[in-house]
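Engineer: coords below, sequence missing:
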C-alpha cells in the first residue's frame, strides 16, 4: 500500500505507514519527510510515483496520475513541504486511525481497495472537498459522512451500498455524486439521474433527517448597570432583528437547512414567538415583507399593545399592487402605553443620492441604483414610561431602523448611505423643535437600530461611533464623492469644499461589543457582527443586554449555519435595556 500526496504536496510514503493493524509507529510527517528525501526515482524533482485511479463509473482505470509535488527551484530553496491531497492503494481492507488526524486534507482517494466500511472518524476530515471510495466493498456509510460539509465531489461507484444515511443530505456543497454500480433502490437511482438529480437527492435526504430534539438554551441576560433612583428616568427595552424574508430564504443560499425549516409559515411562527417572548418596548425589524407586516406581525402584536409603522424598499413604487406586497422593508413597533407617535419619516437612499449628487457619476451610478431605505419614528414618551417623577423637559425619542446595502464590494455605497441617513436624522432633530437654539443632538434622544451589513472595523461603524470619518478613507475607494458628501457633513457650513473629514451631528455608542456578541449573522460562509443598536450618550445608558446563543449548543449539535430548525433567521435578535435620564447642564459636553 502506498500513499501519494497530490498537487503541490510533499511526496510518497512507505508502503505500510497507514495500514490499520500494522505496527509501524513512524509518525506521518516523518514518513513523508523521509520518503521525499530518499525516493531514488525522484531525487531532484520531488515528483511522485504514478498511480492509477478509477474513472468512477465502470471500474476501469483511466490514465495514470502524475503529481508534481514541488518544483526543483522550490526544493533547492528549502521550501517547507505542504500537502493537502492523499491517495491510498494496495488492496487495503481498513484505514488506520492516524489518517483522520490529517484534518488539513482536501482530497482523499481510497478507491480500488477492499474497504468494507468507512469509519465514523471520516467526519473529522472537515476540509475534504473530494472523496473517492469507488471500487471497494462498502456496504454502509456512517452518519458522520454528513460532517464533510465542504465536500464537492463524492464518488462511491461499484460498491455494495443499499441505502444512504439521511445525514448525507447535509452535504449541501456536493456537485458531483457517483453512485453507479450499487444495489440502491430504483427510486433513489432514478431521482439522482434527473436533471439536478444530485441536489434533489440530497434535499430528499436532508428533509427526511429527523429534526434535532435539543432546543437552544435561553440566552443569558447580562446586567451592565443599575437604574437611576435620584431623578426621573425612562427605562425601556429595544429589540433589533433581521427576520430573513421569504424570497431570500432559498436552498441555493441556505443549503444546510431543510426545506421545511426554510418555509416562511414555519419560520414566522418562531419569529413571532421570539418577539412575544422578549416583549421589548420598541421593536425594529428588517427584511419584513409588506404583506407579512400588515397582515401578520402588526395584527398579532397590536393584540399585545403595540402600534407600528412600515416602509418598503423603493422598488415597491414601480410595481403592481399584487407584486408590491412581496417587497421587503423596515418596521418599527412600539408599546402604545409608553410611547405615542409624533411623526414618521421615510428616507429613500436612491432619492437622496439623486438630490445630493452634485454631478458625481459615482453617486448616480453606484449609490442611486440601490433601493435601501431608512425609517424613523419621532416618539413622545408617556407618563407610564417614567419612574421617579416626570422630567421638566420631555425630549422626544427619535427611533430609526435601516437596512444598508449588502454587497461587500460596495463599501463606498454603504458609507454614503450611512452619511445620508445621519444627515436626514439631523434634519428631523432640528425640525422637532425649530424654536430651540440647542444642537440637534440635544433636541432628541437618538436610537439607531439596523442591519448595516458592515463589520465593526468598517468605515460605517467608525463614522457612527466617532461622529467623523476621513474624506480619504479607504472605504470611499478614491471615487468622486467629495462634492456630494461635503453637503451631507455636519461640518460643511464651517469648512471649505476640500474638507479633510466628514462629521455627523450626534454622539452615539454601540450597545454591543464583539467581546459580548462575536457574531450577529451566522451562516456557513460568514459569521460576524453586522447588526447594531446605537444610542445617544450621555443622555441614554444601557442597563443590560441579551447575550449570545451558547456556542457549545451550536458546536454539540453541529449547527454550521442559520436558519436551522430551531433558529428561524440567519440573524440573531439584539435586545438592550436602556435608561433615559435628563443630563445635568454641568455634565453636558461641549460640541462643535
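Structural biologist: Looks like it arrived, so ask away. Everything numeric here is computed off the predicted structure, so don't read it as measured data.
Engineer: the lowest-mean-pLDDT helix or strand in the chain: what's the following helix or strand?
Structural biologist: None of the helices or strands of the chain scores lower by mean pLDDT, DSSP states H and E than helix 28-38, at a mean of 30. Next helix or strand after helix 28-38 toward the C-terminus (DSSP states H and E): helix 72-76.
Engineer: point out the other helices and strands that the helix or strand following that following helix packs with.
Structural biologist: Counting by DSSP H and E, the next helix or strand C-terminal to helix 72-76 is strand 85-89. If you count contacts as 3 or more Cβ pairs under 8 Å, 6 or more residues apart in numbering; DSSP states H and E, strand 85-89 packs onto strand 2-3, strand 107-109. For every residue, glycine as well, the C-beta is placed using N, CA and C.
Engineer: pLDDT on the first one, on average?
Structural biologist: When pLDDT is averaged along strand 2-3, the result is 36.
Engineer: do stretch 369-378 as well
Structural biologist: pLDDT averaged over stretch 369-378 gives 98.
Engineer: next one: stretch 155-173
Structural biologist: The predicted model assigns stretch 155-173 a mean pLDDT of 98.
Engineer: chain center to it: distance?
Structural biologist: 28 Å (Cα atoms, centre = their mean, to the nearest Å).
Engineer: and the closest residue to residue 548 other than its chain neighbours, what's its pLDDT?
Structural biologist: For residue 548, ignoring the flanking residues on the chain, the nearest one in space by Cβ to Cβ, 6 or more residues apart in numbering is residue 517 at 5.1 Å. With respect to pLDDT, residue 517 scores 97.
Engineer: within the helices and strands, which one has residue 517?
Structural biologist: Counting by DSSP H and E, residue 517 is part of no helix or strand.
Engineer: residues contacting it?
Structural biologist: Applying Cβ atoms under 8 Å, 6 or more residues apart in numbering to residue 517 gives the contacts 529, 547-548, 572, 574.
Engineer: and for residue 500?
Structural biologist: Counting by Cβ under 8 Å, 6+ apart, residue 500 has contacts 470-472.
Engineer: hmm, try it at 10 Å
Structural biologist: Each residue near residue 500 by Cβ atoms under 10 Å, 6 or more residues apart in numbering is listed here: 468, 470-472, 491.
Engineer: over to it: give its phi and psi.
Structural biologist: phi -90, psi -20 (degrees, to the nearest 10).
Engineer: how near is it to residue 491?
Structural biologist: Using Cβ to Cβ, to the nearest Å, we find residue 500 at a distance of 10 Å from residue 491.
Engineer: joint contacts of the two?
Structural biologist: When contacts are counted by Cβ under 10 Å, 6+ apart, residue 500 and residue 491 are jointly contacted by residue 468.
Engineer: that older thread, restricted to strands, list the contacts of residue 500.
Structural biologist: 468, 470 (DSSP state E).
Engineer: could I have the buried ones of the contacts of residue 517 as PyMOL selection syntax?
Structural biologist: Burial among these is assessed by 16 or more other Cβ atoms under 10 Å; the matching PyMOL selection reads:
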select buried, resi 529+548+572+574
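Engineer: identify, from the contacts of residue 517, the entry nearest to residue 330.
Structural biologist: Closest to residue 330 out of these is residue 574 (14.9 Å), distances taken as Cβ to Cβ.
Engineer: contact partners for that closest one?
Structural biologist: Listed by Cβ under 10 Å, 6+ apart, the contact partners of residue 574 are 238-242, 280, 284, 449, 511-512, 517, 520, 529, 531-533, 545-546.
Engineer: can you check residue 267 too?
Structural biologist: By Cβ under 10 Å, 6+ apart, the neighbours of residue 267 are 243-246, 249, 257, 261, 563, 565, 567-569.
Engineer: apply 8 Å and report the result again.
Structural biologist: Residue 267 touches 243-244, 249, 261, 563, 568-569, counting by Cβ under 8 Å, 6+ apart.
Engineer: and what about it, helix, strand or coil?
Structural biologist: helix (DSSP: H, G, I helix; E, B strand; the rest coil).
Engineer: can you tell me how far it sits from residue 289?
Structural biologist: Relative to residue 289, and taking Cβ to Cβ, residue 267 is found at 12 Å.
Engineer: and for residue 243?
Structural biologist: Distance from residue 243 to residue 289, counting by Cβ to Cβ: 9 Å.
Engineer: which one's more surrounded, those two?
Structural biologist: More crowded of residue 243 and residue 289, by other Cβ atoms under 10 Å: residue 243, with 28 against 24.
Engineer: so the more buried one makes contact with residue 288?
Structural biologist: Yes: the pair residue 243 / residue 288 is scored as a contact, 6.0 Å apart, by Cβ atoms under 8 Å.
Engineer: ranges for the helices of the stretch 451-592 of the chain?
Structural biologist: For the stretch 451-592 of the chain, applying DSSP state H, counting those that start in this stretch gives helices covering 459-466, 482-488, 551-556.
Engineer: could those go into CSV alongside mean neighbour count, mean pLDDT and distance to residue 410?
Structural biologist: What follows is the helices of the stretch 451-592 of the chain, written out as CSV (neighbours: other Cβ atoms under 10 Å; pLDDT from 0 to 100; distance: least, Cβ to Cβ, whole Å):
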stretch, mean neighbour count, mean pLDDT, distance to residue 410
helix 459-466, 20, 98, 11
helix 482-488, 19, 90, 15
helix 551-556, 12, 96, 30
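Engineer: can you put these in a markdown table and add distance to residue 540?
Structural biologist: As requested, those are exported to a markdown table (distance: least, Cβ to Cβ, whole Å):
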| stretch | distance to residue 540 |
| --- | --- |
| helix 459-466 | 15 |
| helix 482-488 | 24 |
| helix 551-556 | 30 |
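Engineer: for this structure, what's the longest helix?
Structural biologist: Criterion DSSP state H: the longest helix present in the chain is helix 411-432.
Engineer: and that one, how far out from the chain middle?
Structural biologist: Using Cα atoms, centre = their mean, the offset of helix 411-432 from its chain centre is 25 Å.
Engineer: so which other helices or strands are in contact with it?
Structural biologist: Helix 411-432 sits against strand 339-348, helix 349-355, strand 373-381, strand 397-403, helix 440-443, strand 445-451, helix 459-466, helix 482-488, with contacts defined as 3+ Cβ pairs under 8 Å, 6+ apart.
Engineer: flag the shaky bits of the chain, pLDDT-wise.
Structural biologist: 1-69, 493-498, 583-592 (pLDDT under 70).
Engineer: leaving out chain neighbours, which residue sits closest to residue 115?
Structural biologist: Of all residues not flanking residue 115 in the chain, residue 136 sits nearest, at 4.2 Å (Cβ to Cβ, 6+ apart).
Engineer: give the helix, strand or coil label for the one you found.
Structural biologist: For residue 136, the assignment made with three-state DSSP gives coil.
Engineer: ok, it - contacts?
Structural biologist: Applying Cβ under 8 Å, 6+ apart to residue 136 gives the contacts 110-116, 158-159.
Engineer: for residue 79, state which of the contacts of residue 267 is nearest.
Structural biologist: The closest of those, once distances to residue 79 are taken by Cβ to Cβ, is residue 563, at 43.9 Å.
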